[in-house]
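Q: Sequence unavailable; structure follows:
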């Protein structure tokens, strides 16, 4: 007798109930409600090989509603994904387990992206779907898969969802299919207490197909997915479900959402579902049916390697495999070195955003996997160069993405492209708008993705646009995020080095904070080593024993050099340390850190931003020349004088701290 769909779906429900109950914590409602959808998807639709969760042409499945993590863990166990054992299910939400409260891609095999903050999974999936289409355009049908997203009403209420679905609809990402858990319940009760949006009409207005189905009817689920697969648009399938399906008292209520059901309710659910097995036990016939589904893709993956990957010519295959591994082309170091040599005799003043454009001019041809883009600020961010033509709806053979004014959606999609593999993506906006996309930046750091954001207009130096656009506190906030590399180069040479360091940071996202205003060259001789990759270095030594060390980043490094010169006129020996990336500096060995910090009795930091973070270098007794509050609207040179970010102020602060 064959195993029924209902029995296979109930296996998910049982594991979810049991794991949440044992942990005394978790969300049983979604796994129980969406078990039918997940069963159809993983047994009849999804192209995957459970034994090889990194197979490049697998369909991607993203549980955007990360609180329902036991649905994903149950499926990974049932299909036989390596490392997901019944003991891991029993250790749900426990320290060191592979079943954390929300899915973490760096912990659990088979998890494509970290989810939990609602809306992030949906928006990240847009990047995955876009990467699939772009790689397909470049390499052919060796890349030919879908991206499936399980989303909750919370995902669709978050603002990032609008940015995400607008991007996907505009670009006609027809390989993206969203399965919406339309259960009508939120934590506060019926969804009607806070929301009355018709999600089907909303998605249709954004250029999607959108349909409603019974989320507990396996035939209806399969029909809707098959139709979506044939579409020329992305598709939303609103699956009408009952949260906590099977629970006698809590099903269909908010009590099923985010707490254990309790022994009595679980007993009633087992009776209602006809599930007689002991906790954490899956009957052999049901487990065998699931394991068979998990093995089904093995033949497809083998055929892909032989007929699709094998059909690529040797050079194209080598390039495809290099990019999937994440290895950089050797040409990167060569082109950066050559560009630095050319700059050694160049004293041209240049804004670092323009220096970044120059860098992209020679880096982009050497690193074909680098994708650039902008949130409707292309002419200001300077991220579009000859080697990065723009993609457009239905035309994916390009390397530049017009994201529109959607910073949050852009940052999440950039994460998705990085997670998909094959690309090193970058986005761009003004630095002050980092706050619009901070949750995505934080997740990039948590997930250790090589995702780059170019953020220009980085201080009061942007001038007349005033305090709404002058990011005085933003650098400190970004530097506070673990594993996020914040680069602030001082001139052309440093900008080239920072781009190289960002590209070489395989397990960290990066931000390049760049100026609007022109800056003088501070590096005037060729040094082969990438000094910025060490985070900080001595730019100008003291003449004699140093009495003062001046630390500075970005546009203030040249001012620090002027301050050093003023002190020299007074017979005071000062040195200048450029600090393009605090994060990398603190990763250096202790001997190097001690050497760069030095032994001068007076330490001063200079940055057109707030002091926060600099005390790690100058101590709480150190001097600081910078901002104490918000900026003003005026030409930038006037602002630097007004806020006393000047060489004269540096000298004055030093003199006040020197022994008399």
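A: Yep, it's here. Computed from a predicted structure; not experimentally measured.
Q: And the helices in the stretch 501-650 of the chain?
A: 557-569, 582-586, 590-597, 615-618, 636-642, 647-657 (DSSP state H, counting those that start in this stretch).
Q: Pick the most deeply packed of those helices.
A: Neighbour counts (mean count of other Cβ atoms under 10 Å) averaged over each of these peak at helix 557-569, with a mean of 21. Where C-beta positions appear, they are placed from N, C-alpha and C, glycine not excepted.
Q: Give me the neighbour count for residue 302.
A: Look at residue 302: counted by other Cβ atoms under 10 Å, it has 13 neighbours.
Q: Same question for the one 10 residues further on.
A: Around residue 312 sit 16 other residues, with neighbours defined as other Cβ under 10 Å.
Q: Tell me the spacing between it and residue 233.
A: Applying Cβ to Cβ, to the nearest Å, the value for residue 312 to residue 233 is 30 Å.
Q: Ok, residue 190 next?
A: 31 Å.
Q: Looking at these two, which is more packed in?
A: Counted by other Cβ under 10 Å, residue 190 and residue 233 do not tie: residue 233 has more neighbours, with 19 against 13.
Q: What helix or strand is that one located in?
A: Following DSSP states H and E, there is no helix or strand that holds residue 233.
Q: pretty sure it is touching residue 169, no?
A: Yes - contact status for residue 233 versus residue 169: in contact at 7.1 Å, counting by Cβ atoms under 8 Å.
Q: any residues in contact with both of the two?
A: 207, 208 (Cβ atoms under 8 Å, 6 or more residues apart in numbering).
Q: contacting residues for the residue nearest to residue 572 when sequence neighbours are not counted?
A: Spatial nearest neighbour of residue 572, chain neighbours left out: residue 547 (5.4 Å); criterion: Cβ to Cβ, 6 or more residues apart in numbering. Residue 547 makes contact with 572, 573, 574, 600, 601, 602, 658, according to Cβ under 8 Å, 6+ apart.
Q: Mind checking which of the residues you listed are buried?
A: For the contacts of residue 547, a burial check counting by 16 or more other Cβ atoms under 10 Å picks out 572, 573, 574, 600, 602.
Q: Which of the residues you listed fall in strands?
A: 574, 602 (DSSP state E).
Q: From residue 419, how far off is residue 69?
A: 17 Å.
Q: Compute the number of surrounding residues for residue 505.
A: What residue 505 shows, counting by other Cβ under 10 Å, is a neighbour count of 20.
Q: can you check the one 5 residues further on too?
A: The burial count assigned to residue 510 is 26, neighbours taken as other Cβ under 10 Å.
Q: roughly how far apart are it and residue 130?
A: Going from residue 510 to residue 130 by Cβ to Cβ gives 20 Å.
Q: again, but for residue 124
A: 11 Å.
Q: These two - which one has more neighbours?
A: Using other Cβ under 10 Å, the more surrounded residue of residue 124 and residue 130 is residue 124, with 38 against 28.
Q: Would you mind giving the secondary structure of the more buried one?
A: helix (DSSP: H, G, I helix; E, B strand; the rest coil).
Q: Let me know whether it touches residue 418 as I believe.
A: No - between residue 124 and residue 418 there is no contact under Cβ under 8 Å: 9.5 Å.
Q: can you give me the strands for the stretch 301-450 of the chain?
A: 370-374, 400-402, 424-430 (DSSP state E, counting those that start in this stretch).
Q: The last one packs against which elements?
A: Yep, that's strand 424-430 we're talking about. strand 370-374, helix 378-381, helix 407-420, strand 452-456 (3 or more Cβ pairs under 8 Å, 6 or more residues apart in numbering; DSSP states H and E).
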